[in-house]
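Colleague: have a look at this prediction, sequence included:
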Amino acid sequence: MAFVVGFGVLSQVFRASVQDNFDASLSSDLDELIAASDLDQAGSIGVRVDFVDPRYKRVYSGWYWQIMPVDRKAAPGRARYSRSLLDKTIEIRNGVDRGPLTWGDAIGPDNQNLRVVARRVEFSTSATGARDNTKAYEFIVAGDTAEIQTRIERFNGTLFWSFVALGLGLIAAIFIQVRIGLQPLRGVRDALARIRDGKAEKLEGRFPAEIAPLAAELNALIAHSQEVVGRARTHVSNLAHFLKTPLTVLSNEASAQPGPLADAVTRQVGVMRRQVDHYLARARAAGAQNVLGNRTQVKPVLDDLARVLTRIHSEAHIQVEVDSPRELSFRGERQDLEEMAGNLIDNACKWAHSRVVVRARQAGAKLDLTVEDDGDGLTEVERQHVGERGERLDERVPGSGLGLAIVRDIAKLYGGTFTLGESALGGLKAALSLPAIA
């Protein structure tokens, strides 16, 4: 908008300036024409040869002058014309008096639009210069306004492209300034992305003085968040220990005094233990999954779980195989990965005949973890019901029955998925999809 207004103002200023210069040129030529004119001995008006501007000699050049007697009836045939007019005359239209001069418009002999200036001049016809013996003539000088328009159009063209170049230059300057000015903020964004991906624990690098306080505050916020999560995890562990101890006492007392009441207490204690384990696992995962900078290597976790669970199920002679790239990383807490993978591997070991295969692969930004066994597997209906809270398909196998439900809930908190299907080994296939470090 500012460019449009500026263009209009400058164009009008230049138009006025060209018009004034054009009028000044016409007025100057009129003065020269008057100065070069005089009456001859016969009383006729004449023009001396020193008024020799070549523009007035070229036919239909657009520059014309004429001298006409004011009283044309009393002095017929005494007019004088420039050679450029040939036998044409100029008639003023829309005349406006400005002092001794009259300004107006006219149509030229070649249909040109003319700017005209005229002046009345009286010449004395007596040797004494008496005022009673005078003759009045109207001196007219005209110029083609096409010259004005040509100058204005040329100037407007130059002005337009100058404004275009200036606008493009300003846009480029703003782009460069913003690009360079926002570079530190892009550095902060990239550093935060590294923290979110688990590749860094805080904002690293050197920042300008204007950005350094922001980086310091963000680092302090990240440290505070980690501290809060750590305290919450400690409180959760303390709560788990506090609840499990009384539940163990109740269970032991009920076992020592058999009877209907003891059986009811034992059942309710089992339900309470399963619920405590379930909700404590969810609370720990919910508190940890939004912490910036979480990063856990997958293979060491799976290797440790395979080694421990192989020893636990050593009487069943279960072989646990782990197939995972060494560089694969889970975007989350190690404890949560251990909880999910441990439940799946432990469940597979309980139902397998001799073999459990654990595979981990990266698929874009996702971690695909599968646990397969060579057991009897489950039907489609059984797979739909297994893992629900408190529901167990076979009481002969020890466990709380909440392992798969906990896996499903923790995976959901991380934005992942958990499914059950048929294994190529003949048993059950548990598949987890979790966020990975790209």
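Modeller: Cool, the structure landed.
Colleague: need the pLDDT of the residue lying closest to V371 once chain neighbours are set aside.
Modeller: Distance criterion C-beta to C-beta, 6 or more residues apart in numbering; nearest residue to V371, sequence neighbours excluded, is L344 at 4.2 Å. Any C-beta I mention is one placed from the backbone N, CA and C, and that applies to glycine too. At L344, the model reports a pLDDT of 91.
Colleague: V407 is in contact with L344, correct?
Modeller: Yes: counting by C-beta atoms under 8 Å, L344 touches V407, with 6.2 Å between them.
Colleague: what touches both of those two?
Modeller: A430, L432 (C-beta atoms under 8 Å, 6 or more residues apart in numbering).
Colleague: settle it for me: which of the two has more neighbours?
Modeller: Taking neighbours as other C-beta atoms under 10 Å, L344 and V407 compare with L344 leading, 27 against 24.
Colleague: give me every residue that touches the more buried one.
Modeller: L369, V371, G403, L404, V407, A430, L432.
Colleague: try V358
Modeller: Contacts of V358 by C-beta under 8 Å, 6+ apart are L302, A306, V320, E321, V322, D323, S324, A341, I345, L369, T370, V371.
Colleague: how close does it sit to D376?
Modeller: Separation of V358 from D376 (C-beta to C-beta, to the nearest Å) stands at 19 Å.
Colleague: related to what we said a few turns ago, so the residue nearest to V371 versus R334, what's the distance?
Modeller: In terms of C-beta to C-beta, L344 sits 16 Å off from R334.
Colleague: is it true that the residue nearest to V371 lies in a helix?
Modeller: Yes: L344 forms part of a helix when assessed by DSSP: H, G, I helix; E, B strand; the rest coil.
Colleague: related to what we said a few turns ago, and the contacts of L344, which two are furthest apart?
Modeller: Spatial extent of the contacts of L344 (C-beta to C-beta) is set by the pair L369 and G403 at 15.0 Å.
Colleague: give me the more crowded residue out of these two.
Modeller: Neighbour count, other C-beta under 10 Å: between L369 and G403, L369 has more, with 27 against 23.
Colleague: and that one, helix, strand or coil?
Modeller: L369 - assigned by three-state DSSP - is strand.
Colleague: wait, it sits on L434?
Modeller: Yes: judged on C-beta under 8 Å, L369 makes contact with L434 at a distance of 6.8 Å.
Colleague: which residues do these two both contact?
Modeller: M340.
Colleague: for stretch 56-67, give the mean pLDDT please.
Modeller: The model assigns stretch 56-67 a mean pLDDT of 89.
Colleague: which pLDDT value goes with G293?
Modeller: For G293, pLDDT reads 56.
Colleague: where does this protein have its least confident helix or strand?
Modeller: One helix or strand of the chain scores below all others by mean pLDDT, DSSP states H and E: helix 260-288, with a mean of 68.
Colleague: which helices and strands does the very next helix or strand once past that one pack with?
Modeller: Per DSSP states H and E, the first helix or strand lying C-terminal to helix 260-288 is strand 296-297. For strand 296-297, the elements it packs on are strand 329-330, judged by 3 or more C-beta pairs under 8 Å, 6 or more residues apart in numbering; DSSP states H and E.
Colleague: and the strand it packs on, how far out from the chain's middle?
Modeller: 32 Å (C-alpha atoms, centre = their mean, to the nearest Å).
Colleague: now do that strand, average pLDDT.
Modeller: 88.
Colleague: residues in contact with it?
Modeller: G198, R295, T296, Q297, V298, V301, L337, L367, L434, P435, A436, I437.
Colleague: where do the helices sit along the chain?
Modeller: With DSSP state H, the ranges of helices along the chain come out as 2-35, 146-181, 183-196, 212-256, 260-288, 298-312, 334-351, 380-385, 403-413.
Colleague: A118: which of those helices is closest?
Modeller: With C-beta to C-beta as the measure, helix 2-35 is the member of the helices of the chain nearest A118 (7.9 Å).
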